[in-house]
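Undergrad: Need a 3D model of the following:
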Amino acid sequence: MTKTSSTKRLGFRSRPLLTKKEPRVLHYLSQQVTFWIAVMSVLAFVAGNMVGQHGWHVFWKSVMGGVDDSLIVYTGTVTPIEKVPDYVRWAKYGGNPHLHTFREVPQDVLVPLPTYSPATQNDDSHPMSLVYSIGHLGSYETGGDQDGSHPGIDIRVPVGTPIRSIAAGIVTSVDEDRGGFGTYVVVRHPNVPDPDRPSKTTTLYSVYAHLSSASVVEGEIVTKGQQIALSGQSGFATGPHLHFQIDRDIDTTGEKVPYHPYWPFTNTEARAVGLTFNSAVNSTVFLKRGLESFVSPLLYIQAQHAPVQVAKKPAAPAAVKQVAATLDERVKLRLARRQATLVATAAPKPVVATDSAVGRVNSVTPVAVAEPVPTPAPAKPAAPATPVSGPVAGVEIRHDGAFSGRTWETVTLTLLDASGNPVTSPTLDRDLYLRTAFGQAEFRPSVLTSLDFQNGKASVQVLPTGQKTLIIQVQPLGAMSAPMVFRKE
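TA: The predicted model follows:
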């Protein structure tokens, strides 16, 4: 072990050459104006976003990663479809929901969605049966109300009918069930009146199925009456219609409903009692479970329960608001001073020109003289292409093959004749509507007429949702695109 000698023992003392202590990190940062601007900006953001309903929601969603259910305010309900065709009058125009889309329905034959009645639903001769093909917990055979185990109501509407959210809520699912519900959307509605005890609140789930496209994404907050999709015929459907049901969160026995959209039986349970899927729907074997787990959707909407009064959270103290306002003003003042300094620094200085040939510096800035630009010879106009007219037999769908999921993608549609040649002057006897054969996406526009095509071509904006490979389908031509794969940027 090495011994160290004491300076006192040798007869002298040592002193540091630099007696001043080095500043600490906080002392250094306190001298930087930009540091304090950043600190005050963060404080102003946090304090400001804790004041007010919408600001707090943004802060909660972005930082905490969740949704505060107390921000979803129940203001009543609306029907999932605003207007449907009067099928008797539309038929006089030659209208057919199996052949024509919603955009082809004359405006003067559109009527508000009729009032739903379980009694008249069981009467096949009633005009309401033309709109409601299957009643709540009905069967495929009778279409009546509580004649089977079919959850919710099937509403007969042409493809492309706008679908809206029945109340404010949060989108929990936008998915595709190719063998059943097809493309569907599920919206969770917290703090709504309980259908059995309207003075109490509960959580319900509304389900919209067999869609042609969805215009919302999972996690999105929607308002009452906001359009969320377009109706279609996807999944297991013999004709265009909207499947609409309302699931309970907690059934009448106190058990939590396991998933949404819910179905009152599984294939295994149906086989266990000697039934196929269709025969189980037509049977009342699972009716009791359906009554426990579902709400008659249109009866709940038509009830128009009044909002339940809930205790409001205390407002933010006035001191918090004052601090936020003061910090905001200070930040604005600092930024204004900083901007003035940058402008003064960036003022133009005299230009000093250098004679590159001899290396001399001229004290006078020379005047720049623009060199003459030769005028190009006028291009000969191209000979106009001979328009190809005739009926449309197919469509070519072109895209760049990939999507990032963050931006709208441009897809080009080219109309083709029976020989596969482009048709520049097409004859379209019906609308074309876009849907997804695989994956999820929103289309703008989702339905095309002959007016949307210029020289036989049309551009469509597509917003893929999720990371599934996307295949676009154009109906009723049945054309499908090449796969569009997800690529992370």
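
Undergrad: Can you give me the buried ones in stretch 390-397?
TA: Neighbour counts using 16 or more other C-beta atoms under 10 Å place V392, G394, V395, E396, I397 of stretch 390-397 among the buried residues. Where C-beta positions appear, they are placed from N, C-alpha and C, glycine not excepted.

Undergrad: list the contacts for the fourth one?
TA: When the contact criterion is C-beta atoms under 8 Å, 6 or more residues apart in numbering, the partners of E396 are L413, T414, L416, P422, A479.

Undergrad: and if you look at R430?
TA: L99, H100, T101, E104, P476.

Undergrad: Wait, a strand at it?
TA: No: looking at R430 with DSSP: H, G, I helix; E, B strand; the rest coil, it is coil, so not inside a strand.

Undergrad: separation between it and R248?
TA: 41 Å (C-beta to C-beta, to the nearest Å).

Undergrad: Repeat that for E218.
TA: Distance from E218 to R248, by C-beta to C-beta: 21 Å.

Undergrad: neighbour-wise, which of the two wins?
TA: When neighbours are counted by other C-beta atoms under 10 Å, R248 comes out ahead of the other of E218 and R248, with 22 against 16.

Undergrad: how about the more buried one, what does it touch?
TA: Applying C-beta under 8 Å, 6+ apart, we find R248 in contact with T202, L204, Y205, V257, E292, S293, F294, V295.

Undergrad: how about a cut-off of 10 Å?
TA: In this structure, R248 makes contact with 194-196, 202-205, 255-257, 260, 262, 292-295, judged by C-beta atoms under 10 Å, 6 or more residues apart in numbering.

Undergrad: can you check S425 too?
TA: P387, V388, S389, G390, L415, S450, F453, N455, G456.

Undergrad: Just grab the bridge partners of it for me.
TA: S389 (DSSP bridges).

Undergrad: One more: Y208?
TA: Beta-bridge pairing of Y208 under DSSP bridges involves V185, F244.

Undergrad: Any idea how many residues pack against it?
TA: Y208: 27 neighbours (other C-beta under 10 Å).

Undergrad: could you dump the buried residues of stretch 390-397 to JSON lines with pLDDT?
TA: Below are the buried residues of stretch 390-397 laid out as JSON lines (pLDDT from 0 to 100):
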{"residue": "V392", "pLDDT": "86"}
{"residue": "G394", "pLDDT": "88"}
{"residue": "V395", "pLDDT": "91"}
{"residue": "E396", "pLDDT": "93"}
{"residue": "I397", "pLDDT": "93"}
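
Undergrad: Strands - which of these land there?
TA: G394, V395, E396, I397 (DSSP state E).

Undergrad: Buried ones among the contacts of R248?
TA: For the contacts of R248, buried by 16+ other C-beta under 10 Å: D194, P195, T202, T203, L204, Y205, V257, H260, Y262, S293, F294, V295.

Undergrad: and the residues you listed, which of them are in strands?
TA: Per DSSP E, these map to strands at T202, T203, L204, Y205, F294, V295.

Undergrad: thinking again about what came up before, closest one of the contacts of S425 to T284?
TA: Closest approach to T284 among those (C-beta to C-beta): S450, at 49.2 Å.

Undergrad: so what's the residue nearest to that closest one when sequence neighbours are not counted up against?
TA: In this structure, S450 finds its nearest non-sequential neighbour in L428, 4.2 Å apart by C-beta to C-beta, 6 or more residues apart in numbering. By C-beta under 10 Å, 6+ apart, L428 lies in contact with P391, V392, L415, L448, T449, S450, L451, D452, F453.

Undergrad: Just the buried residues from those residues, in PyMOL please.
TA: A single PyMOL command selects the buried members of those (16+ other C-beta under 10 Å):
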select buried, resi 392+415+448+450+452+453
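
Undergrad: Filter the contacts of L428 down to the ones in strands?
TA: P391, L415, L448.

Undergrad: Same list, those residues, but as TSV with pLDDT and distance to P151 please.
TA: Compiled in TSV, these are given as follows (pLDDT from 0 to 100; distance: C-beta to C-beta, whole Å):
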residue	pLDDT	distance to P151
P391	84	42
L415	92	41
L448	87	34
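
Undergrad: all strands of the stretch 201-350 of the chain, in order?
TA: With DSSP state E, counting those that start in this stretch as the criterion, the stretch 201-350 of the chain has strands at 201-214, 221-222, 227-231, 241-248, 294-295.

Undergrad: Please give me every residue in contact with the closest residue to L448 other than its chain neighbours.
TA: The shortest distance from L448 to any non-neighbouring residue, by C-beta to C-beta, 6+ apart, is to L432 (4.6 Å). Going by C-beta under 10 Å, 6+ apart, L432 touches 101, 392, 395, 413, 415, 446-450, 452-453, 458, 474-477, 479.

Undergrad: Could you do N282 as well?
TA: Neighbour list for N282: G138, S139, Y140, E141, T142, D147, G148, S149, H150, L275, T276 [criterion: C-beta under 10 Å, 6+ apart].

Undergrad: Return the distance of the residue most central in space within the chain relative to S206.
TA: The centre of the chain sits closest to V216, judged by C-alpha atoms, centre = their mean, with a distance of 2.2 Å. Separation of V216 from S206 (C-beta to C-beta): 12 Å.
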